[in-house]
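**Student:** Quick one: sequence plus predicted model below, questions after.
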Amino acid sequence: MAKTRVYELAKELRVSNKDLMDTMAQLGIYTRSHMSVLENGEVIKIRNHYRQMWRAARAAKLKQQQAAAAPPVAEAVAPSQPGVEKVAATGQAQHITEKAATGQPRQGAAKAAVTRPEGGAEKAAAITRLQQGAEKAGAGQPQQVSGKAPAMPPAEAAAKARSEKERQLAGVEPVPAAAQPERPREQEGKERSGKQAAGKQQSRAGGQQAGQQPGRAKKRQEEGQARRRENKGQEQEGRRGPEREERPARVDQQVQVLTPAAAQRPAGKGAGRPAKNKQLRIPKPPEAVTKDLPEKRRDRPAGKPAAKQAETGRSRKLVELEQQREERLLRRDKDKNKAKAAQQEAPKVVRRVTLTGSITVQELAKRIGKTAAEVIKFLMGQGVMATINKELDIDTAAIIAQDLGAIVEVKEEKPLTVLEDLPDAPETLQERPPVVTVMGHVDHGKTSLLDAIRRTNVTATEAGGITQHIGAYQVKVKNRKITFLDTPGHEAFTAMRARGAQATDIAILVVAADDGVMPQTVEAINHAKAAGVPIVVAINKIDRPDANPDRVKQQLTEYGLVPEEWGGDTIMVPVSALKKEGLNELLEMTLLTADMMELKANPNRPARGIVIEAQLDKGRGPVATMLVQKGTLKVGDNLVAGAVYGRVRALFDDKGERVKSAEPSMPVEVLGLSELPQAGDIFQVVEDEKLARQIATLRQEERRQEELKAAGKTSLDDLFKQMEAGEVKELNLVVKGDVQGSVEALRAALEQLSTSEVKVNIIHGGVGAITETDVMLAAASKAIIIGFNVRPDANARKAAEEAGVEIRLYRVIYEIIDEVKAAMTGLLEPVKREVVLGRAEVRATFKVPKVGTVAGCLVTDGKIQNRALARVIRDGVVVFEGRIDSLKRFKDDVREVAQGYECGIGLEKYNDIKEGDVIEAYMIEEVKREL
Ligand SMILES: Nc1nc2c(ncn2[C@@H]2O[C@H](COP(=O)(O)OP(=O)(O)OP(=O)(O)O)[C@@H](O)[C@H]2O)c(=O)[nH]1
């Protein structure tokens, strides 16, 4: 579709470019110049605006005209419709009389000037002639007619119509058809008094007589010629069939019954006509006509049969036939008008439409209660060619719907992948069990404690103990439940947090009373703190002779955990998992903490929760352990879990028993998923499987895209950019060092770098190599790992790569401080980037004395430069990195060899080159950092 430029639209709307651009600005459409291209929606909006302005102006003018035209409309006559004029022209004086008496249309006169500008001159002349003819025919006193209300000469009428049109276009109030109000009165008077208005034949005879009168012959001849010209065109139209006759009916708004004046019509041939023929049609206001009728129809002159008859002097028979035909058509018009009036009387239904995105023509039509054809027609009117299946953008659709009479509400559609977690009304919330995770240093007794709790509180009633089926279970304490996530360590914890999910309400930190606070204890504290989860400390192994709970308490204060008895707010319970001592107290304290947290959920809603773990079962397919957080999960529910979907086929509780539903905080094993979800994925019940599948598919695609990007994580290099963009307000760091002293020093120095814009947060500091756990914590907290004199182990490196966590390694403490500082101020050193120059494939190898092994190569890609950095790649693995030592073409040393040429390459201090290896030449380029 062709684009519309501002100046084109200005031309079309007949306004200046500046005026148009001013109006556009009012409409909120801004363009640079008159050459700017406008969107279709904008063009429609502007056109509609102008159209509305014009309508308003016309309506105002019409009102003024009506107000100015006293005496009442009933006395005015100015037949505006082709049918009316036609009847009059055939000499049917009584028609004119009736119409004049019912007062049709001064409006019509104005309309003739307004809406039929082109034909205005001719029409004015025709009207004048018709009136003359009618008067003569009716009264038989032409002298009186001409004396009282001299007919406007055609030229004058044409000029008048033209000036009327010009005024209209110029926005000047047109003068109401000044000469016309007098005529109807005359006609009416004459026709009422004179019995001469007896019928068509008489009037025709009158016309003929008048034509024979001496002195008038010339005038009649002129008029006859003018009429011939008009009627020629009309005759052609007449041949197009009844369609033409129907047109006035389309314009009509209502049908008026016979007026008293018409009822008193004298007897004659016309009197024998059915009463329905005397019904008058009131035309629509001019603007409606202008809108509804195409230009060519509006321009059409009228009065065909009268002129035709007068001109050709056809036989009476013919005229009668014609008259009958007209009557038939008028009857049809009347029926149509009746139906139309009935339609118009019916209450108008205004549709309310909510648009959420693009929509097809067909769908829009359906929504606004129109036919597709109506919408297409509207679009065509705006210069937009559309098919039924054309997709309309939301703005265009809104404009169309509004213009076609609907009330439109536009709502942007949320991406389908995001399932909104609707908040529950406070009154729907009910208390739910707390979800607890046990954390602590290795061998401090996490597993023993979980076991002891389970055995004392779950198995007590069941002989022979219980086999735990899933990675979570519930225990009962004083008729209240506590849910334990059986995932010792931080893996599940951090994995979940990395996905933005938080399953845990409370963390139980296990510290062995004989061992005290250890590195993983600190890690656990930092994890819990980063997640904002309250900690209940279980000081374990108090049965041990060397147990020293107070020392543990003392150590914990260093990490901000101060026991209640020392004035702090951390609950610390001495326990022995081995001896099952203090367990109830620990559980009670846990419940107390939960009470303070007021953990509530609405069980009466579609379930939502977290995937705790998932595995593929040979017989049962994907099996996921899920923790319901809100609502109740039921068998048969359709759900989406991360990027997978499914329908709950069966539910099993922590004892492996089949259940029908799972309430908030209940862990449950779910069967029926399409694939394996990931730990930490959020699951949500949706209405139907189709929607679930749709969301899951979109999420899969989204995840793929995210993996490709692997960006979005904080990195020191673009820290400043992220700070500027307001994306980063806190710089989270995980600091690992070789000794505790350096870690502490680093922590203090880095924290001091905090500014008003960015706070430096050391979320974890520890001694030893960078581990996978560090990476997981960093990933969950969007942190950067700083390694001082330590290196990441293989797993950590891999995990960091996968999670997109940045690990920065240093050997000098000041370097760390300087770099973080520089990153925060956007002044980091230029980035070094590798640029590959080219590749060469080794086709043969030669041993050259004193030089070593030389590779005979073909440059397959780019170029190879002498002394360039190079690496040898064998089966996709880099086996050597160094520099090109020699480069020869035949026996000559060359600086570079281009693609497609053979060459000999010698590598610096590397002779183990083999046939099939690829030598990649590259250089390191310094790229200036962009702020
Ligand atoms: N004396 C005594 N020993 C305990 C107690 N709790 C655990 N242990 C012992 O401590 C050792 C480690 O206990 P676990 O429960 O495996 O400790 P953990 O923290 O789960 O260890 P990881 O699973 O390796 O992280 C075992 O030999 C337990 O028997 C206790 O309360 N008293």
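**Tutor:** Received it, and whenever you're ready, just let me know what you need. Numbering: from 1, shown residues only.
**Student:** Tell me if I'm right that L587 and A452 touch.
**Tutor:** No: contact between L587 and A452 fails when scored by C-beta atoms under 8 Å: they sit 10.8 Å apart. Just so you know, the C-beta spots here come from the backbone N, C-alpha and C atoms, and that holds for glycine as well.
**Student:** what's the nearest residue to I368 once chain neighbours are set aside sitting at in phi/psi?
**Tutor:** Distances taken as C-beta to C-beta, 6 or more residues apart in numbering place A406 nearest to I368, at 4.2 Å, with adjacent residues excluded. Backbone torsions of A406, given as degrees, to the nearest 10, read phi -100, psi 160.
**Student:** Point out the residues in the stretch 351-500 of the chain that sit beside the ligand.
**Tutor:** Residues of the stretch 351-500 of the chain that fall close to the ligand, judged by C-beta under 6 Å from any ligand atom: 440, 442-448, 488.
**Student:** Name the nearest of these relative to D19.
**Tutor:** Proximity of these to D19 (C-beta to C-beta) peaks at P488, which lies at 76.3 Å.
**Student:** quick one on the thing from earlier: please name the residues that touch the residue nearest to I368.
**Tutor:** With contact set as C-beta atoms under 8 Å, 6 or more residues apart in numbering, A406 has these partners: 350-353, 367-369.
**Student:** can you rerun that using 6 Å?
**Tutor:** A406 is in contact with 351, 353, 368, counting by C-beta atoms under 6 Å, 6 or more residues apart in numbering.
**Student:** quick one, what contacts the second one?
**Tutor:** What it means is V353. Taking C-beta under 6 Å, 6+ apart as the test, what V353 contacts is 367-368, 401, 406, 408.
**Student:** So for stretch 445-458, what gets flagged as buried?
**Tutor:** By 16 or more other C-beta atoms under 10 Å, the buried positions in stretch 445-458 come out as 445-446, 448-455, 457-458.
**Student:** Could you do stretch 880-899 as well?
**Tutor:** Buried, per 16+ other C-beta under 10 Å, within stretch 880-899: 880, 884-888, 894, 896-897.
**Student:** Export those to TSV and append columns for secondary structure and distance to N548.
**Tutor:** Below are the buried residues of stretch 880-899 laid out as TSV (DSSP: H, G, I helix; E, B strand; the rest coil; distance: C-beta to C-beta, whole Å):
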residue	secondary structure	distance to N548
F880	strand	56
I884	strand	65
D885	strand	65
S886	strand	70
L887	strand	71
K888	strand	75
V894	coil	76
E896	strand	72
V897	strand	74
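**Student:** now these as TSV including pLDDT?
**Tutor:** Output for the buried residues of stretch 880-899, formatted as TSV (pLDDT from 0 to 100):
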residue	pLDDT
F880	88
I884	93
D885	91
S886	91
L887	93
K888	92
V894	92
E896	92
V897	93
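**Student:** tell me the secondary structure for K847?
**Tutor:** Applying DSSP: H, G, I helix; E, B strand; the rest coil to K847 yields a three-state assignment of strand.
**Student:** repeat for Y922
**Tutor:** Applying three-state DSSP: Y922 is strand.
**Student:** cool, the one 3 residues further on as well?
**Tutor:** When the structure is split into helix, strand and coil by three-state DSSP, E925 lands in strand.
**Student:** can you tell me how far it sits from the ligand?
**Tutor:** For E925, the distance to the ligand equals 48 Å [C-beta to the nearest ligand atom, to the nearest Å].
**Student:** who does that residue bridge with?
**Tutor:** R833 (DSSP bridges).
**Student:** pretty sure it is touching V835, no?
**Tutor:** Yes: in this structure, E925 is within contact of V835 by C-beta atoms under 6 Å, at 4.9 Å.
**Student:** of the contacts of A406, closest to the ligand?
**Tutor:** Closest to the ligand out of the contacts of A406 is V353 (61.1 Å), distances taken as C-beta to the nearest ligand atom.
**Student:** Do you know the pLDDT at that closest one?
**Tutor:** On pLDDT, V353 comes in at 82.
**Student:** cool, and Q502?
**Tutor:** In this prediction, Q502 carries a pLDDT score of 75.
**Student:** what about it, how many neighbours?
**Tutor:** Counted with other C-beta atoms under 10 Å, the neighbours of Q502 add up to 16.
**Student:** Then G876?
**Tutor:** By the criterion of other C-beta under 10 Å, G876 has 6 neighbours.
**Student:** who touches it in this structure?
**Tutor:** Contact criterion C-beta under 6 Å, 6+ apart gives no residues in contact with G876.
**Student:** Of the buried residues of stretch 880-899, which pair is most distant in space?
**Tutor:** Across the buried residues of stretch 880-899, the longest distance by C-beta to C-beta is 22.2 Å; it joins F880 and V894.
**Student:** Check the secondary structure at the residue in the stretch 201-350 of the chain that the ligand sits nearest to for me.
**Tutor:** Nearest residue of the stretch 201-350 of the chain to the ligand (C-beta to the nearest ligand atom) works out as V350 at 69.2 Å. Following three-state DSSP, V350 is assigned to coil.
**Student:** ok, it to S16 distance?
**Tutor:** Remark: distance between V350 and S16 (C-beta to C-beta, to the nearest Å) = 37 Å.
**Student:** more neighbours, these two?
**Tutor:** Neighbours were counted for V350 and for S16 using other C-beta under 10 Å; S16 has more, 13 against 10.
**Student:** Report the buried residues of stretch 568-575.
**Tutor:** Here stretch 568-575 shows 570-575 as buried, counting by 16+ other C-beta under 10 Å.
**Student:** Run the contact check for it versus the ligand.
**Tutor:** No: applying C-beta under 6 Å from any ligand atom, one finds stretch 568-575 separated from the ligand by no less than 6.8 Å.
**Student:** Run through who's touching that stretch.
**Tutor:** Stretch 568-575 has contacts (C-beta under 6 Å, 6+ apart) with 536-540, 542, 549, 561-563, 582, 585-586, 589.
**Student:** again, only using 8 Å
**Tutor:** With C-beta under 8 Å, 6+ apart, stretch 568-575 has contacts from 449, 513, 535-540, 542, 549, 552-553, 556-557, 561-564, 581-583, 585-586, 589, 592-593.
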